[in-house]
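S.K.: Give the three-dimensional model of this entry:
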Amino acid sequence: MSATTPTIFIVDDDPAVLKSLGRLLRSARLDFAAFSSPAEFLQQHDPAAPGCLVLDVAMPGLNGLELQAALAEKGCAIPIIFLTGHGDIPMSVQAMKRGALDFLTKPVNDEDLLQAVHDALELDRVARRAKAELGDLQARFDSLTPREREVFVHVVAGQLNKQIAADLGTVEKTIKVHRARVMEKMGVDSLADLVRAAERLGLGDRPPSP
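M.R.: Below you'll find the predicted structure:
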């Protein structure tokens, strides 16, 4: 199984359910890994692995909702599809409020489950791509010198080079050089792109230092 191939992780204490779900996913040419308990899943799961979780609600010991909470505490945002033969509306609401993608009742319709799985995999792919892009953006910002970061903040605050020079106690020509380096290091071609980068980094509303 490729490290970049998404995996559908199935957690259910019923061997028959694991077998039938595995057969369905295999027929759809999807990679999967089956676990008979949340504890087994937690012990072996790598949060860096792309995919989604198909999770039974009612299980002995740690149940599905508790596993969902445990993953959230670890900062793991894997999309979750809940399956249950015992769930009720309050459980569904609780699961969805905590971020579950779907809540299907056993015996689940094959087409419904496969659609939910594909939706979950797409959600995971988009989220991981956004996270990787943000990580790259943060690395670019971290590569700026302290002075370049100051210029960055002043530029995205809408100040002109002359104003920035006055605030930082230097000359406009120097600010132009710093500004060009900031644009180059951040990998942007326009002020609008730099402002969007600042917003993604949570710097958009930061006022310039006095």
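
S.K.: can you give me the helices for the chain?
M.R.: Per DSSP state H, the chain carries helices over the ranges 15-27, 38-44, 64-73, 89-97, 110-142, 146-156, 161-168, 172-186, 191-200.

S.K.: Out of those helices, which is closest to Thr4?
M.R.: Across these, Thr4 has its closest neighbour in helix 110-142 (10.0 Å, Cβ to Cβ). Quick note: C-beta positions are derived from backbone N, CA and C, even for glycine.

S.K.: helices or strands up against that closest one?
M.R.: When contacts are defined as 3 or more Cβ pairs under 8 Å, 6 or more residues apart in numbering; DSSP states H and E, helix 110-142 packs onto helix 15-27, strand 51-56, strand 80-84, strand 102-105, helix 172-186, helix 191-200.

S.K.: Can you check what angle separates the fifth one from helix 161-168?
M.R.: Spelled out, that is helix 172-186. 100 degrees (axes from the mean of the first three to the mean of the last three Cα atoms, to 10 degrees).

S.K.: outside of helix 172-186, which residues touch it?
M.R.: With Cβ atoms under 8 Å, 6 or more residues apart in numbering as the contact definition, helix 172-186 has outside contacts at 137, 140-141, 143-144, 147-148, 151-152, 155, 161-162, 164-165, 168, 189, 194, 197.

S.K.: model confidence over it, on average?
M.R.: For helix 172-186, the mean pLDDT works out to 95.

S.K.: And the fourth one, by the same measure?
M.R.: What strand 102-105 shows for mean pLDDT is 86.
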